[in-house]
Each structure stands twice: as C-alpha cells, then as structure tokens.
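Trainee: Give the three-dimensional model of this entry:
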Amino acid sequence: MLISALAVVCTLTLDFVLRPGWQRSAVAEPEDALQALWLRFFDTPEPPLVVYSNAAFVGRPETGLRYVNPATDSNSPVMDHYTGVGEVMAIHELDSLFTTLHRPMRLKRGRLLTWDDAKASNLIFIGSPSENLSLREIPATGDFVFRVASEGPRKGDLSIVNLHPRPGEGGVYFPTATIPIQEDYAVIGLTPGLSAPRHALILAGVTTLGTQAAVEFVCRAKRVEELFAALGARAKGPLPNFEGLLRVRVSGGVPVQSQIVAVHRQK
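Mentor: Model prediction:
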C-alpha cells in the first residue's frame, strides 16, 4: 500500500516538473500590480463582460467587403460576423490572465451589447470605435479619442486625437500609412462604468494590431507597474481612473514593442 502511494506521489511530481510552463502558470499567484488593476472587475456576482469588436460590412468575401456607410447603405444587407486577428489574440491573452486569477469572463460581440448588459456589468472593451460600435453609444475616453481626419495628407485615415495635450505631447497620432504597418497607436482607458460602482476598461488600437498590443500591455505585471509609476500610484493600492496612449512598434504583422507616450489621470 505504501509503495502504491509513493508511486502516485512520484507520478504527480514528475507530471508537474515535465508539464509545460504555460500549463503550470495557471496556478501561479499574480503580482500585486495585476491584482490592483483587475480584481475590481470581479466585485459583482456576474463575471466581467468582454466586448470585442465586430465591424459592420457590406458586400461578400468573394467579391469584396467594405465598411458600412450609413448614408448610402441603409438598404444593403450587413455582414457583422468578422473580427480582427488582434482581437482574437487579445481574447486569448485575457483568458490566460483570468485563468491565473482563477476567475471567469463572459464574451459578447459589440453589435450585440445591450444597455441592460452595459449598466449591470463591469465591462472590458476590445477594439476601437471604428469597429467596436458599442463604444459610440456609451461614455468612453474623453482625452484620447478616435477620429477620421477630415483634411490634410492623411484625410480619411483614422487617428487618435489628444484633446487636452500636455507639455511634450502631440495633438494627433496616426499609424504608419504604408502597408505592412510598422507603427500603431493604442488607447488604454480605465473609466467608471455606466452605473456605480461598475468599471470599464477600454483597450483599443487604431488598427487591430494596436488593440492586441494594448491588451498584452495590461496583462503583463511589469507593464502595469509602469502605469502605476506614470500615475504616481502605489502598486499595492487601487489604480486611479486614467487614460493612456501607447506607441506600438510592429514587425512582420506582430506588435513587438509598446511604449507609454502619455498618461492622463482622471477623477
């Protein structure tokens, strides 16, 4: 009997040692900075609602798709079941993080979000308002906003506009105009939810690759610690509401480096 018990213990120990690190990480304790940011999203009976972008298109994949133009496409059938590769990778990152936190999450595509959902839940938005249309209908970031340029050499291109630039900050941020993209920008915003005491986190790039980078940023303890430092907050204390702007370097269609460009602390 003793020999059998020892055999079981040895087998379990060997399994743990040989198990890949990504499997063992699910039971690792998260760092203080990650807990300070994320545990507030689990203060309700329902898990947080992750709302990912699914843009509205007209046309067909066989002949070509384009974004819906409300002025001319009111009678056209809408294709709304596509999302970007960055959003896919972002959801994988969140799932891995929440497994580490031993917490669940709920998923909903943006076009299916209801006001009841938004009022009752802690929300995590993945994707910019150009594709995550729910961000156009509810309160979002107030300092860093997404706008299509109406004039100039980048007319018609989506950008992030800094409505309240501080010393050393720019007013408008565009990704690179060339394809493949080499540089993108992304917004990270922690804001109050639609009803107190709910919370909302906005993770949105100008392109889908910027969105991926924003999510990866807030899923890494060292990067979240950078946010605390930029905000002058303690890693073990609550993170204040804020809006941040990231510059994202892209190589081979993959975001490889992110840098904080600006952080605005909010009330």
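Trainee: low-confidence ranges in the protein?
Mentor: 1-30, 70, 130-139, 235-237 (pLDDT under 70).
Trainee: can you pull out the helices in it?
Mentor: 2-18, 21-24, 32-38, 85-100, 115-120, 208-218, 221-231 (DSSP state H).
Trainee: ranking those helices by burial, who's on top?
Mentor: Comparing the helices of the chain by mean neighbour count (mean count of other C-beta atoms under 10 Å), helix 208-218 ranks first with a mean of 27. Just so you know, the C-beta spots here come from the backbone N, C-alpha and C atoms, and that holds for glycine as well.
Trainee: Any chance you could list what contacts that one?
Mentor: 37, 53, 84-87, 89-90, 93-94, 126-128, 131, 175, 181, 184-188, 201, 203-205, 223-224, 227, 246, 248, 250, 253-255, 258 (C-beta atoms under 8 Å, 6 or more residues apart in numbering).
Trainee: and if you look at stretch 44-55?
Mentor: 41-42, 67, 80-84, 87, 90-91, 94, 103-111, 113, 117, 120-128, 130-134, 198, 211.
Trainee: Please identify the buried residues of that stretch?
Mentor: Residues of stretch 44-55 classed as buried by neighbour count (16 or more other C-beta atoms under 10 Å): 47-55.
Trainee: Columns distance to Pro240 on top of those residues, output as CSV?
Mentor: Putting the buried residues of stretch 44-55 into CSV (distance: C-beta to C-beta, whole Å) gives the following:
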residue, distance to Pro240
Pro47, 24
Pro48, 19
Leu49, 22
Val50, 22
Val51, 23
Tyr52, 26
Ser53, 27
Asn54, 31
Ala55, 32
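Trainee: of those residues, closest to Ala33?
Mentor: Closest approach to Ala33 among the buried residues of stretch 44-55 (C-beta to C-beta): Pro48, at 18.1 Å.
Trainee: Pop out the phi and psi values for that closest one.
Mentor: Dihedral pair for Pro48: phi -60, psi 150, per degrees, to the nearest 10.
Trainee: Give the bridge partners for the residue most central in space within the chain, please.
Mentor: The residue lying closest to the centre of the chain (C-alpha atoms, centre = their mean) is Leu203, at 3.1 Å. Per DSSP bridges, the residues bridged to Leu203 are Ile126, Ile188.
Trainee: any idea how far it is from Val161?
Mentor: Separation of Leu203 from Val161 (C-beta to C-beta, to the nearest Å) stands at 18 Å.
Trainee: how about Phe144, what does it touch?
Mentor: 160-163, 187, 189, 243-245, 262, 264.
Trainee: repeat that for 7 Å
Mentor: Going by C-beta atoms under 7 Å, 6 or more residues apart in numbering, Phe144 touches 160, 162, 187, 243, 245.
Trainee: Can you give me the end-to-end span of stretch 48-59?
Mentor: 34 Å (C-alpha to C-alpha, to the nearest Å).
Trainee: what's the answer for stretch 100-108, then?
Mentor: 21 Å.
Trainee: And it, what's buried?
Mentor: For stretch 100-108, using 16+ other C-beta under 10 Å, the buried residues are 100-101, 105, 108.
Trainee: of all those, which comes closest to Gly59?
Mentor: Minimum distance to Gly59 across these is 24.9 Å, recorded for Lys108 (C-beta to C-beta).
Trainee: so what's Phe242 up against?
Mentor: Neighbours of Phe242 in contact, by C-beta under 7 Å, 6+ apart: 190, 231, 263-266.
Trainee: got it, and Gly244?
Mentor: Gly244 sits next to 188, 227, 260, 262-263 when contact means C-beta under 7 Å, 6+ apart.
Trainee: Leu209 versus that one, what's the distance?
Mentor: 17 Å.
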